[in-house]
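Peer 1: let me see the structure of the following:
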Amino acid sequence: MLGQKAYPSLRDVPVPVDVVEIFRRAEDVPPIVEDAVAIGAKVIWMQLGIVNEEAAARAESVGLTVVMDTCMGATHKKLRSHGEI
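Peer 2: Numbering: from 1, shown residues only. As a prediction, this is how the structure comes out:
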């Protein structure tokens, strides 16, 4: 997609992953978090409308930063407009 290589799962990505952005139903989040933990990701970002407290607690328990129910694009735009990035 858009010239980027896709992988069947997070565990198949051959390079380090810093942020795992999740665009799935809340009930689908826990196994994604487990994969993110396994690959050593640093951040779990659940898109607008996605909240899974149990998965967030699991990620935070091993040191990942968690963002829920927030659009990454809108956050980026807001930070840029304020000169923060």
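
Peer 1: ok, now how distant is the residue lying closest to residue 48 once chain neighbours are set aside from residue 24?
Peer 2: Here the nearest residue to residue 48 in space, its sequence neighbours aside, is residue 71; by C-beta to C-beta, 6 or more residues apart in numbering that works out to 4.4 Å. Every residue, glycine included, has its C-beta placed from N, CA and C. Taking C-beta to C-beta, to the nearest Å as the measure, residue 71 and residue 24 are separated by 15 Å.

Peer 1: and the contacts of the one helix or strand in the chain whose mean pLDDT sits lowest?
Peer 2: Comparing helices and strands within the chain by mean pLDDT, DSSP states H and E singles out helix 72-81 as the least confident, with a mean of 90. Applying C-beta atoms under 8 Å, 6 or more residues apart in numbering, the external contacts of helix 72-81 come out as 21, 45, 47, 48, 85.

Peer 1: residue 67: neighbour count?
Peer 2: The number of residues packed around residue 67, counting by other C-beta atoms under 10 Å, is 17.

Peer 1: and for residue 10?
Peer 2: Counted with other C-beta under 10 Å, the neighbours of residue 10 add up to 18.

Peer 1: list the contacts of it.
Peer 2: If a contact means C-beta under 8 Å, 6+ apart, then residue 10 has 17, 20, 32, 35, 36, 38, 39, 41 as its contacts.

Peer 1: among the residues you listed, which are in strands?
Peer 2: Among the contacts of residue 10, the members falling in strands are residue 20 (criterion: DSSP state E).

Peer 1: any idea how far the closest residue to residue 69 other than its chain neighbours is from residue 59?
Peer 2: In space, and not counting its chain neighbours, residue 69 is closest to residue 51: 5.1 Å by C-beta to C-beta, 6+ apart. In this structure, residue 51 lies at 13 Å from residue 59, with C-beta to C-beta as the measure.
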